[in-house]
Each structure stands twice: as C-alpha cells, then as structure tokens.
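# Fold the following and give me the result.
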Amino acid sequence: MTTYESPEVRAAKGASTPRQREAPTISVHARISPGIDVLLNEMLDASEVFIVGVMPWECSRRLITLQHQRVEAGNPPPAKTVHYLVPERDAKNTGAAMAPRIQRWIAGLFGMRNWVVPNRDDSANRDNLKIYLYQYDAGGCTILVRKDADYRATSLTYIPAAGYPVEGILTVAPLDPDQTAAVQRHVLDKLLPGSRRWEIRQVRCYGPKWEPGDDANAFTPRIWRLSKERRLEPHETEPAVVVAVCGQTSQGSVVILKNRDRSNSIDDFDRLSLVSEHVIVEDLVDWIKKVPGPLDPDDVRAREQIWRAAGRPERLLLQQQFFAEAAQRELFISCGLNVDFDRLQFHGYRLVNREDGTHLGFAVFRLDLIQDEDIDELDIVEGWSSDMRPIPVAMLYQDPYVNRLNRFLRLQQGWLLANVLPKPRPGEQR
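Below is the predicted model of the structure:
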C-alpha cells in the first residue's frame, strides 16, 4: 500500500518536496461562441443524439446550463437517448499525472453523464445515456442529431493555443446532405454495432453495521459489491474522496471550496464543499490492469475478477491510491490542476451518515498549492472556474459561509480544524 506523507515529514527525512513545474492544467480550454450555442440547441431539440469522439468539456457544461434555463422557463427539451462513442481510454500508471488525451477523455465522459443523467437515482433521469468504446482514435468530434426522421451532422473541432492560459478556439462546420447521409450510414450500420458497450461502474462498501467499532466516524473501505446503478441500498457505504485544497493570500490561510450548482455537481446544490468525488471501478488501476481483457458485464462476476486480481485477500479493501486516483480526476475537472499523487497528504478515513440510512465513507487528503515566482496554482484555480472560491480558514465557520457549508464540512468541523486544515498564522483568528 502506498503511504502518503506530508511535506514536513518528507523534509524531516531529507527528501525534497515534489514540485510540478509545468502549468498543471487541461490542454483543452475555449469559450463557447454563438455558433457553438446553435449546435448545442440542436442537440437539446433532438430526439436522438450520436456523438463520435471526445466531447469538449466546455460544451457539456454549456448544455447543462441551457437545459436548466429551458426547464426554468417552462419549455423543457424533449426526452432523448444520447449515444456517446469514444475511443478506448489510454492506459495510466497509478498515481501519475494525467496526459492531455486522458484529461480530455475524462472531462468529456463525466460532462456527458452530468448532462444526460444528472440524478443519482436512475429512475429519476428522464434521458438515457449509452456509452460505447471503439479502438481507433482518429481525433475530432462529429455530432449526428435526429429530430423525428430528419438527420443533421456537424463537425466540432478544437484548435489549440500555443499554451496555457491563452484560450483555444472551438469551431463548428455543418455537413451537407450527402456527407450527413454518409455519416448516418457509417455510425448506424458500422460503428455502433462494432463498438463495445461500456458503463461507469460504482463501488459499494460495507456499512458500519457490518464493520462494528467504538468510533462512529470510522470508515473501513471494504468492498461489498459493484453496481452500474448510482443509487445506494440501505446500510451500505459509498466510498469517496475529499481534498482540502489549501493556499495563502493576504488574508492568511485559505481553503478552496466549490460553489455547487447543476453545471458542476449532481447534488448538494447551493452548498459549499471541499473538492470531492466518488470512487468508481476505473480508479482501481492496479487491480484492473491484472484482469485479462475487459471486466465481465455482470457485476458479481466482475467483483470476482477484481478479487482474484487483488491476490484473493480475505477482505477486499480499497487501497489509498485508488482514492487518490479519484482525487486526481476531480482536481483536474474542478480546478484545472493535474497533480501527481505524492503531493496529496493522506489524513485518514471518515464516515458520514445520510438521512436515508446509507453512508458516505471518505478518504481525506490535503493538497498544498504551489505559490511562487514561477507558478501560482491559486491563480490557475481561480482562472479555471468561478465556482472555486478561496475562503479564509479563520472565517470558514463564521458568517457568511457557515450556513452554506455541506454536511461533511459541518459534521466534521472539529476534526478538520484539528487535523487537516492549516493552523492559523500569527494575527489570524479562527
């Protein structure tokens, strides 16, 4: 099992603190133009949508915003099925920072999920998302929409900038009727039947009922089952990760909180939270790469495959590095940061009980931002998303923030202040 050490511990051992010198951001970054909005509204109006290639994350986020605006105006888009066809994801070494192709793949995938099926309870989702994987990645993105019997195809291209923070350009090019017909035939008759169906698979852990102990906040990350459904069953625990992203401003020590809304989250709207993400099967990198071929579509048989790949242990426990994988993914999506896992300081596991009898089990990490003359990651985070807000630690549990904090921040206040968040500097009040 990988051990995560704070910079202080590494310094005491004589080791240098890892320093990431290149701008740790996603390589795709562009504004949404009026021409892009035309395409996105066509997608909303469609009866069926086929997306071939990785969808730019900016488009997914804009789709969520446009759809919410229509619902609020009493004019919801028609229900639809969205087919998302993407190349197989590149392999990733455990703990390594994500290469640009993996960045785009992850952002596109979770952007699509949050647009099409935003609710944790699948029965509450009106639309249907079907994901397919194919072998050859030719690059680019082509979107085929069907409205009743009429098809339209559009090519969506990202033209990169020379480097961050200069923005790239998203361009759209509608295809003529002959090209549209060719795309339609190829997608429906060849690509769709020849691609492998794939689903995001959830991990479920035993609840405290099965892991008794004296500490009501204790969480043991012991795998109970795998599931393609996001809904939790009573008494089981969903494993997740939270990261306290910490930095310094003229106000003293700050922690970055996410202002949660429908464009960036699936729950806890209008709340402030630490960076957080659920652990999914794809985060179990070291085990999955030992499974010969794709995991079995059956969840029970897939769990058996993973157990064997883990060495047939008596108790199948999630490793800390799997939580770190989820943390890396969310730090990238929410903050634009692409960090190696050895910068993540592990502080322990915490259990949070939900009102419906289910539980959330968190691995808690802290990330100290690099802030010097070469790189200021706090500037990167603030430039990346206006939803990420630096809050002075000394004011976190005071007005105007305290009443907007999510359940984890409220229930774990004492533990976080004592064990995770930065201690006040001289002159700061907590």
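
# Which positions within stretch 179-197 qualify as buried?
Using 16 or more other Cβ atoms under 10 Å as the test for burial, stretch 179-197 gives 180, 183-184, 187, 191-192, 195. C-beta coordinates here come from the backbone N, C-alpha and C atoms, glycine included.

# Which helix or strand lies directly C-terminal to the lengthiest strand in the chain?
Ranked by residue count under DSSP state E, the longest strand found in the chain is strand 237-249. The helix or strand immediately downstream of strand 237-249 is strand 252-259, counting by DSSP states H and E.

# helices and strands around that next one, which ones?
In terms of contacts (3 or more Cβ pairs under 8 Å, 6 or more residues apart in numbering; DSSP states H and E), strand 252-259 is packed against strand 237-249, strand 272-273, strand 275-278, helix 377-384, strand 388-392.

# ok so, going back, now the angle between strand 388-392 and the longest strand of the chain, please.
70 degrees (axes from the mean of the first three to the mean of the last three Cα atoms, to 10 degrees).

# how far does strand 237-249 sit from the chain's center?
13 Å (Cα atoms, centre = their mean, to the nearest Å).

# For the strand or helix carrying V352, which outside residues touch it?
Taking DSSP H and E as the criterion, V352 maps to strand 345-353. Applying Cβ atoms under 8 Å, 6 or more residues apart in numbering, the contact partners of strand 345-353 are 3-7, 208, 216-221, 237, 320, 324, 359-368, 407-408, 411-412, 415, 419-420.

# Of the residues you listed, which belong to helices?
7, 320, 324, 407-408, 411, 415, 419 (DSSP state H).

# Please identify the most buried of the helices and strands packed on strand 252-259.
strand 237-249 (a mean of 23; mean count of other Cβ atoms under 10 Å).

# Show me which positions of stretch 245-263 end up buried.
Buried residues in stretch 245-263 (16+ other Cβ under 10 Å): 245-248, 252-260, 262-263.

# what stretches of the protein score poorly on pLDDT?
Within the chain, the segments meeting pLDDT under 70 span 1-31, 91-100, 161-167, 212, 263-266, 426-430.

# How is it divided into domains?
Annotated domains of the chain cover 34-198, 201-419 [automatic domain parsing].

# so which of the ones you listed is the most packed in?
Highest mean neighbour count among these (mean count of other Cβ under 10 Å): domain 201-419, with a mean of 18.

# just how off-centre is that domain within its chain?
On Cα atoms, centre = their mean, the centre of domain 201-419 falls 10 Å from that of its chain.

# Output the buried residues of stretch 179-197 as JSON lines; include the columns secondary structure and distance to N75.
Shown next, in JSON lines, are those (DSSP: H, G, I helix; E, B strand; the rest coil; distance: Cβ to Cβ, whole Å):
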{"residue": "T180", "secondary structure": "helix", "distance to N75": "27"}
{"residue": "V183", "secondary structure": "helix", "distance to N75": "29"}
{"residue": "Q184", "secondary structure": "helix", "distance to N75": "28"}
{"residue": "V187", "secondary structure": "helix", "distance to N75": "29"}
{"residue": "L191", "secondary structure": "helix", "distance to N75": "33"}
{"residue": "L192", "secondary structure": "helix", "distance to N75": "31"}
{"residue": "S195", "secondary structure": "coil", "distance to N75": "34"}
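
# Relative to D286, which of these is nearest.
S195 (26.9 Å; Cβ to Cβ).

# could I get stretch 33-53 in CSV with only the CA atoms?
Taking C-alpha atoms only, stretch 33-53 is exported to CSV below (Å, rounded to 0.1, in the frame of the first residue of the first chain):
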residue,chain,number,x,y,z
SER,A,33,-19.3,31.1,-29.2
PRO,A,34,-22.8,31.9,-30.6
GLY,A,35,-22.1,29.3,-33.3
ILE,A,36,-21.5,26.6,-30.7
ASP,A,37,-24.7,27.5,-29.0
VAL,A,38,-26.6,26.9,-32.3
LEU,A,39,-25.2,23.3,-32.3
LEU,A,40,-25.9,22.7,-28.6
ASN,A,41,-29.5,23.9,-29.0
GLU,A,42,-29.9,21.5,-31.9
MET,A,43,-28.8,18.7,-29.6
LEU,A,44,-31.3,19.8,-27.0
ASP,A,45,-34.1,19.8,-29.5
ALA,A,46,-33.2,16.4,-30.9
SER,A,47,-35.0,13.1,-30.4
GLU,A,48,-31.7,11.2,-30.5
VAL,A,49,-28.0,12.3,-30.4
PHE,A,50,-24.9,10.4,-31.6
ILE,A,51,-21.6,11.9,-30.5
VAL,A,52,-18.5,10.3,-32.1
GLY,A,53,-15.2,11.3,-30.5
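
# in the stretch 1-150 of the chain, which spans are helices?
7-12, 34-45, 57-72, 100-116 (DSSP state H, counting those that start in this stretch).

# Any chance of TSV for those, columns distance to P400?
Below are the helices of the stretch 1-150 of the chain laid out as TSV (distance: least, Cβ to Cβ, whole Å):
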stretch	distance to P400
helix 7-12	32
helix 34-45	34
helix 57-72	25
helix 100-116	28
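
# Can you say which of those helices is nearest to Y151?
Taking the helices of the stretch 1-150 of the chain one by one with Cβ to Cβ, helix 34-45 is closest: 11.2 Å.

# residues making contact with that closest one?
Contacts of helix 34-45 (Cβ under 8 Å, 6+ apart): 32, 49, 59, 62-63, 66-67, 70, 77-78, 143, 145, 147, 152, 154, 156, 170-172.

# Quick check: the gap between the residue nearest the centre of the chain and A107.
Nearest to the mean C-alpha position of the chain, counting by Cα atoms, centre = their mean, stands E330 at 4.3 Å. For E330, the distance to A107 equals 11 Å [Cβ to Cβ, to the nearest Å].

# just R303 next, same as before
The value you get for R303 to A107, if Cβ to Cβ is used, is 28 Å.

# three-state assignment of V203?
strand (DSSP: H, G, I helix; E, B strand; the rest coil).

# That one touches L316, doesn't it?
No - if you go by Cβ atoms under 8 Å, V203 and L316 don't touch, sitting 10.2 Å apart.

# Can you work out which residues contact both of these two?
I223.

# got the helices and strands packed on strand 252-259 as TSV, with distance to P292 columns?
Output for these, formatted as TSV (distance: least, Cβ to Cβ, whole Å):
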stretch	distance to P292
strand 237-249	25
strand 272-273	39
strand 275-278	27
helix 377-384	39
strand 388-392	41
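
# quick one: which of the ones you listed is nearest P118?
Of the helices and strands packed on strand 252-259, nearest to P118 by Cβ to Cβ is strand 275-278, at 14.1 Å.
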